[in-house]
Structure formats: structure tokens, C-alpha cells
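[1] got a predicted structure plus its sequence, pasted below:
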There are 2 protein chains.
Amino acid sequence: MTKMSDVAKLANVSTATVSRVLRNPKTVKKSTQQKVFEAIKQLDYQPNILARRFRTNQTKTILVVVPSLTNLVFSEIIAGIDRVAMEQGYQVLLGDTNKQLEKAQNFINHLKQKQVDGAILLTVRLDQDLWKEIANHYPIVLASDFVEDMKVPTVTIDNVKSGFEVTEHLIKLGHRKIAHVSGSADVSVSQERVKGYCKALRHYDIPFDSDLFIEADYSIEWGYSSVKKLMAQKSNPTAIFFGNDEMAMGGIKAATEMGIRVPEDLAVVGFDDIKFSAIYNPPLTTISQPLHEMGKKAMELLVKIMDGEPLETEKYVLESEFVVRDSCGAKITGK
Amino acid sequence: MTKMSDVAKLANVSTATVSRVLRNPKTVKKSTQQKVFEAIKQLDYQPNILARRFRTNQTKTILVVVPSLTNLVFSEIIAGIDRVAMEQGYQVLLGDTNKQLEKAQNFINHLKQKQVDGAILLTVRLDQDLWKEIANHYPIVLASDFVEDMKVPTVTIDNVKSGFEVTEHLIKLGHRKIAHVSGSADVSVSQERVKGYCKALRHYDIPFDSDLFIEADYSIEWGYSSVKKLMAQKSNPTAIFFGNDEMAMGGIKAATEMGIRVPEDLAVVGFDDIKFSAIYNPPLTTISQPLHEMGKKAMELLVKIMDGEPLETEKYVLESEFVVRDSCGAKITGK
DNA sequence: TTGAAAGCGCTAACAA
DNA sequence: TTGTTAGCGCTTTCAA
């Protein structure tokens, strides 16, 4: 492996000069730069990044903690993060927790041991306290999820508002028995969407019916079984608001199997607008999140923090969009 | 930041001993270990990984080069890789190429500069030659994709066989005008699936009809537009074999819009068996790939190579499974 | 504008 | 079983 001293020797300069050419070219005379570049080329020199990192004490790497990689919502956000990371010369290290909380400690060590310069969390669950503590000492940004009184920049959408919007839409369509199948309660976005749902019911004087509320998990399977359960009750709903699109699709599948037509017999709304929602049969009414944008914004914030720019601990709320398609029956009802 | 020498001082031993306790505990007396551990705890010492990496010249990090993160096939494989990586103490660095070939050089530098100990490629396109060269010098494994005469361990399924199987199934269902919408030709898996398709046609004496073959891209949009095109022709197909499930769903969407019923008027088969295929309407007949398994296997191989274990340059072919659901009409035809 | 030289914190060869 | 010690290759301060 050729090293810097080899280059220096060939170019007839000191290693300091070679280093300068690489990191601060303006401080070196043009002609000297020339010599150095030629030597580098001639020797096919590659700086030893490990040595550089050790010396400068920064990794130019960030960690993304994600509960599940195979969730399109998260992979889309990560793609956004990766985009900006690349532009800014950062690498992205994957931290798939597989929903196992114990992993958190592991990832926190990455920060403590300087394996990464900062982290973006796409989810914080019961490991809240661990992260809260660590957020005081290391650059951290939250995306998608958010945590009450965690003093950390956060990029989200207004989940309460969106939940309200969905429910209100169903109410205006004439529904009174509107069920909500929420994602796991330990994720704040679920709670927020529930809040929006409840708020809309209250606003339109519809009593909350616990038979029409199911706390599930953001998966196709849970959507499926929730519908089986809901529709087996005597007081079954005429509309269901699912916490995400996967659940909604699983739910529609179950309904179809039971001979319940969507949207004629049952209106359905999802959340996220993943790429399969528009082509699902029926096309899903849902809330579209600017996921890629969220990822980009989160990474931009993180870079600022890592660069030491003072940043008010703020919550950045991006715009979501209510997308009306067939599954809620709006087009049939003609509203 | 407390460093090793602080621990050594407190424990009344040398740094060498502290280092041994951390990396090779058996070579140190129990009682000494005890002392050291206490000092570590008392000082909340975290080893400086950057220094360690520099010194040992290994990163315990691998690179995964992926064309697109938001593709469920890849994210599933990555999840498998990540699983084994974690167990083996490796970190996974993300290399999303966004299908841009120029990125390859960038990632190759990661290897050259020792930012990673090895790499798993989920795709090799026109950048083949670059990779072929690099594969001689660094630990590399291919997963999902494969490259002719690239001397590198590869984990795949038998795409030719699967393509044959699908086509044969459609033929046995009575179809003669079977179209194939393939993924981009610069990916070998696409070519293999096409080969399987052609082989089956030949085997059953059905002439290849170029009007029934479209080279597309693995996306919903291309599936959609391919069907619009295919079904507008005079000699339109009675069955379509799509190169992946996303295309198949896009295709069914297009068919539905055109008043063509699937599977009654048009049989459809996809490839991959992503999680939405089973609940799509109609449920998709498809080939199920052991994606998670592929990822795990690939990482296992890479670890072996990085550990210097001699490994024959082999192609590991995992079993895929033909999953018959409604979209191909088999259940209607009663076969 | 350049060079000399001092480390960064750790590991491992060698000695004891 | 433990300690001494010599770097790993780079960056950066200080001096010229």
C-alpha cells in the first residue's frame, strides 16, 4: 500500500504538503499542487481513511435506526436520507432494530465509541429514556416519529390533523359507525392518529365506541384479522380508518373474503400512500406523506448539528396530503 | 474522554493488559481481569474504535451495493444480510446507487480506502468490468444478480428454471399467445427469466412472437404501460408473464381499466412474491424467492472470505417456489 | 508557502 | 501472566 510519505518523496515535498493538497489545496502553491497530484496519480495513491478518521476523530458516517427495513415507509425515508448524505460526503450505517428494543443500547454505543458522528432515529419506543439521555450528548435527529419533551430536532407531518381529516371525510360521507384500527400504541404516530380520529368524532358529536377501536400492529396480517373481528360484531362499522396502508389492504382482503364489498358495503381509508396503494383494487384513499422529503430534511438538520451550527430544538412539520381514491366510496356517493 | 491508559493506571496494570482483557480475556489472570473490569466500569470507559480500526486495519463493516432501497426484493435481502452481519459483529454500510452507474466507482473506493472490509453486490450492470477487476483484490459476494465469468461467490435462484416453469404452466392452461414483459436487459436475472420463457415456448413448439415480448423496467409504471401497448395490438395475448410482481400489478391495473378481466380474459403471472402479492386483487400467481435466506447466505459467505477461509468460487442456487394463486386462472380452469 | 515533528489511542511483538 | 515499547498513517502546530 502506498502511503503519503511515498507520495511526498516522489513529489519532493513533505507529507505535510501532501496532506494540505488533499485537504486544503488553496494553501499550497499551484505548481506544488501539480507535482503532488502527479505523484498521486503515478503511484495510484489512496489515502488511508482509517488513519484520517483516527487522527481527525470523525467518521463522516451517520447511523439510521429503523424498526424494519422491509417497510416501504422507512425505506423511502432512508432513500431520502441517503441522498443528502451522499451529497454531503457522509455514509449511512444501517441500524435495523427488527423491533427489538435491546438493540438500542448497541446502537447507542456506536455513538459513544465514535463509530458514527450522529444518528437519525425513525422510531423511538420504550427505549425513550435511553435515547433522551444520549440526545444531550450527541447529534441526533428524529424523523417520522416524535417524542414528547425530547429535546431534539424532529421532522414529521401533523398526524393529528391527518387523522382528523380522514375521519371527518368519512363522517361527511354519511358514516356514523367509523372504526379505527391503529398501529401499535408505543409509537407516537399511532397515538397521534388516534387523537385525530377521536377529535373528529367529538367535533361531530359521535360517541367513541370502544367496540370500533382496535389497537393492532402496522402489518397486513393485523389489518386482516382486525376486519374479521370488527365485522363479526353485531354493531359492525360502515367505515374503517386504518393506521396505515398495509393494514388497510389486509383489511380489504378480509372483507372481500367475507363477501363485503369495498367501498359499497364498507368504506376504507389508509395512511402513507405507499406505491401500491394507487393500483390496489380498489385504489386506496389515504394520506400521502412526503417521505423522501422527510428523509432529506432530517439529514440536512443532522448535518447542521454536526457542523456545530446552533439549531433551535424545533419540530419541523411537513405537509401531508389527503388523497381521495375509490376505497372510501366518495366517488360513488358523488361527494 | 477516558482512554485505555486511564483504565490501566486505575487498575494498576499496563495498557497491554487492558487491551488483552478486552480482546483476549483468556490470556489474562482472572483476578487481573476483575481489576480491569472494575476500572472500566468506574470510568465508564469506551474503547476508541477509530484507533482500534486504524491499528488493526479492519473496519468490521461491509458495504451493500443496492440499485434501489425502495424495492421490496432488495430490502428483504438486506434485512437478511443485516441479520447475519449483526450476529457476526459486522456493520452494514448502505450503497444505494439509485441506478446510477457512476456511483460504482465511488463504492469501489470504499474498498480501496479500507472503509469497508468487503462488499455484497445486489446488482451489477454495465459497471461489470470495474467490478470484475476489483473482485480479484477484495472480498466480494454477489446476491440475487449474477455475472457470467465473474470469479465471485454468488447466491441466486435458478431464474431460467423458474421462467420455464411459469411459461409451461400457462401453456398447460391452454394458452398459446403468451406475452413476456421483462425487466431491464442489463440485469442478468431479467435475461435468465427471458431464457426460461423462450425455452418453454420452444419446448412446446410455440413460435416466439416479438410482438408479445416487451423489455421494460421493474416498475409498476412499466407494467402498466406494457399492458396498454400489448392489448392494443391486433394479436393480443391471452396470458402475460411479468418479470416481477410490481410490473404484474401495474399490468393488472391497466387491464382492469381497459375492461379486461384478470384472470378470465387475461392470465397473469408475476415474480418475487412480495408481501402484497398474496393480498392483491386478484391474488398474484408468482415465483417465491427465499430473499431473506439469500441475504443471510451471502453474508455468511462474505464472512468466510474475509476470514481468509478458502472458498471455491461457487454459485449457490437456492430453491424458489412456484406459488399458484388466482391471477393465472388455474383455479378457474380447474387445473 | 513549506517542512519538521509531535502525537492521536490502540495493538502486538518481544522481553521479562 | 504481564510490561515495555514501537509503531499504524495521517493531520496540524509551530517555526522557518
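    Received, thanks. Numbers count the residues shown, from 1 in each chain, chains lettered A, B, ... in the order given.

[2] kindly state the pLDDT recorded for residue A:334?
    Residue A:334 is assigned 52 on the pLDDT scale.

[3] same thing with residue A:201?
    For residue A:201, the model assigns a pLDDT of 98.

[4] so what's residue A:199 up against?
    Applying Cβ atoms under 8 Å, 6 or more residues apart in numbering or on different chains to residue A:199 gives the contacts A:160, A:163, A:164, A:167. For the C-beta atoms, the positions are set from N, CA and C on the backbone; glycine is no exception.

[5] tell me which of those is nearest to residue A:272?
    Comparing the contacts of residue A:199 against residue A:272 with Cβ to Cβ places residue A:163 closest, at 12.7 Å.

[6] now the closest residue to that closest one other than its chain neighbours: how far from residue A:108?
    Spatial nearest neighbour of residue A:163, chain neighbours left out: residue A:196 (2.2 Å); criterion: Cβ to Cβ, 6 or more residues apart in numbering or on different chains. Counting by Cβ to Cβ, to the nearest Å, the gap between residue A:196 and residue A:108 amounts to 32 Å.

[7] neighbour count winner among these two?
    Counted by other Cβ atoms under 10 Å in any protein chain shown, residue A:196 and residue A:108 do not tie: residue A:196 has more neighbours, with 23 against 19.

[8] pretty sure residue A:38 contacts residue A:12?
    No. Using Cβ atoms under 8 Å, residue A:38 is not in contact with residue A:12, being 11.0 Å away.

[9] write out the residues of chain A neighbouring DNA strand C.
    A:12-17, A:20, A:27-29, A:31-32, A:54-55 (Cβ under 7 Å from any atom of the strand).

[10] what subset of those residues is buried?
    Buried residues within the residues of chain A next to DNA strand C, counting neighbours by 16 or more other Cβ atoms under 10 Å in any protein chain shown: A:13, A:17, A:20, A:28, A:32, A:54.

[11] give me the subset of those residues touching chain B.
    residue A:54 (Cβ under 8 Å from any Cβ of the partner chain).

[12] okay, and which of the buried ones among the residues of chain A next to DNA strand C map to helices?
    Using DSSP state H, the subset of these located in helices is A:17, A:20, A:32, A:54.

[13] report the two of those separated the most.
    So, those by Cβ to Cβ: farthest apart are A:32 and A:54, at 26.5 Å.

[14] mind picking the two most distant members of the residues of chain A next to DNA strand C?
    Most distant of the residues of chain A next to DNA strand C, by Cβ to Cβ, are A:31 and A:54, 31.6 Å apart.

[15] all strands of the stretch 1-150 of chain A, in order?
    A:61-66, A:91-96, A:118-121, A:140-143 (DSSP state E, counting those that start in this stretch).

[16] those: which one's closest to residue B:227?
    strand A:61-66 (34.5 Å).

[17] now do that closest one against strand B:61-66, angle only.
    70 degrees (axes from the mean of the first three to the mean of the last three Cα atoms, to 10 degrees).

[18] returning to that earlier point: just the contacts of residue A:199: which are in helices?
    A:160, A:163, A:164, A:167.

[19] now the third one: closest residue in space, sequence neighbours ignored.
    This means residue A:164. residue A:196 (4.0 Å).

[20] so which strand or helix has the one you found?
    Element membership for residue A:196, per DSSP states H and E: helix A:188-203.

[21] buried sites along that helix?
    Buried-residue list, helix A:188-203, by 16+ other Cβ under 10 Å: A:188-194, A:196-201.

[22] as PDB, could you dump the C-alpha coordinates of that helix?
    As requested, C-alpha coordinates have been extracted for helix A:188-203 and formatted as PDB (Å, rounded to 0.1, in the frame of the first residue of the first chain):
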ATOM      1  CA  SER A 188     -46.300   8.200  18.900                       C
ATOM      2  CA  VAL A 189     -47.500   8.400  15.300                       C
ATOM      3  CA  SER A 190     -50.200   5.800  16.100                       C
ATOM      4  CA  GLN A 191     -51.300   7.800  19.200                       C
ATOM      5  CA  GLU A 192     -51.500  11.000  17.200                       C
ATOM      6  CA  ARG A 193     -53.600   9.400  14.500                       C
ATOM      7  CA  VAL A 194     -55.900   8.100  17.200                       C
ATOM      8  CA  LYS A 195     -56.100  11.500  18.700                       C
ATOM      9  CA  GLY A 196     -57.200  13.000  15.300                       C
ATOM     10  CA  TYR A 197     -59.800  10.200  15.000                       C
ATOM     11  CA  CYS A 198     -61.200  10.900  18.400                       C
ATOM     12  CA  LYS A 199     -61.200  14.700  17.900                       C
ATOM     13  CA  ALA A 200     -63.200  14.400  14.800                       C
ATOM     14  CA  LEU A 201     -65.800  12.100  16.400                       C
ATOM     15  CA  ARG A 202     -66.100  14.600  19.300                       C
ATOM     16  CA  HIS A 203     -66.400  17.500  16.900                       C
END
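
[23] next helix or strand past it?
    Following helix A:188-203 in sequence, per DSSP H and E, is strand A:213-215.

[24] is the next helix or strand after that following strand anywhere near chain B?
    Next helix or strand after strand A:213-215 toward the C-terminus (DSSP H and E): helix A:220-230. Yes. Using Cβ under 8 Å from any Cβ, helix A:220-230 reaches chain B at A:220, A:224.

[25] which strands and helices sit next to helix A:220-230?
    strand A:178-182, strand A:213-215, strand A:239-242, helix A:245-257 (3 or more Cβ pairs under 8 Å, 6 or more residues apart in numbering or on different chains; DSSP states H and E).

[26] could you say which of these is packed most deeply?
    strand A:239-242 (a mean of 31; mean count of other Cβ atoms under 10 Å in any protein chain shown).

[27] near chain B at all, that strand?
    No. Using Cβ under 8 Å from any Cβ, strand A:239-242 stays clear of chain B, with a minimum separation of 13.1 Å.

[28] does anything pack onto that strand? Which helices or strands?
    Strand A:239-242 packs on helix A:159-172, strand A:178-182, helix A:220-230, helix A:245-257, strand A:267-269, going by 3+ Cβ pairs under 8 Å, 6+ apart.

[29] contacts for the shortest one, please.
    For strand A:267-269, the surrounding residues in contact (Cβ under 8 Å, 6+ apart) are A:166, A:169-170, A:173, A:175, A:238-242, A:248, A:251-252, A:255, A:262, A:284-286, A:327-329.

[30] so how far is whichever helix or strand comes after it from its chain's centroid?
    On the C-terminal side of strand A:267-269, the nearest following helix or strand under DSSP H and E is strand A:286-288. Distance of strand A:286-288 from the chain centroid (Cα atoms, centre = their mean, to the nearest Å) equals 15 Å.

[31] packing partners of strand A:286-288?
    Strand A:286-288 packs on helix A:159-172, strand A:321-323, going by 3+ Cβ pairs under 8 Å, 6+ apart.

[32] straight-line length of stretch A:83-98, end to end?
    Start-to-end span of stretch A:83-98 (Cα to Cα, to the nearest Å) is 23 Å.

[33] that one close to DNA strand D?
    No. If you take Cβ under 7 Å from any atom of the strand as the test, stretch A:83-98 misses DNA strand D, and the best it gets is 13.1 Å.

[34] roughly how far out does stretch A:180-199 sit from the chain middle?
    Relative to where its chain is centred, stretch A:180-199 has its mean C-alpha point 17 Å off (Cα atoms, centre = their mean).

[35] er, stretch A:209-229 I mean
    For stretch A:209-229, the distance to the chain centre is 23 Å (Cα atoms, centre = their mean).

[36] try stretch A:119-128
    The answer for stretch A:119-128 is 11 Å, by Cα atoms, centre = their mean.

[37] what about that stretch, how long is it end to end?
    First-to-last residue span, stretch A:119-128, Cα to Cα: 15 Å.

[38] on that earlier part again, with mean pLDDT as added columns, please give the helices and strands packed on helix A:220-230 in CSV.
    Listed next are the helices and strands packed on helix A:220-230 as CSV, based on pLDDT from 0 to 100:
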stretch, mean pLDDT
strand A:178-182, 97
strand A:213-215, 97
strand A:239-242, 98
helix A:245-257, 97
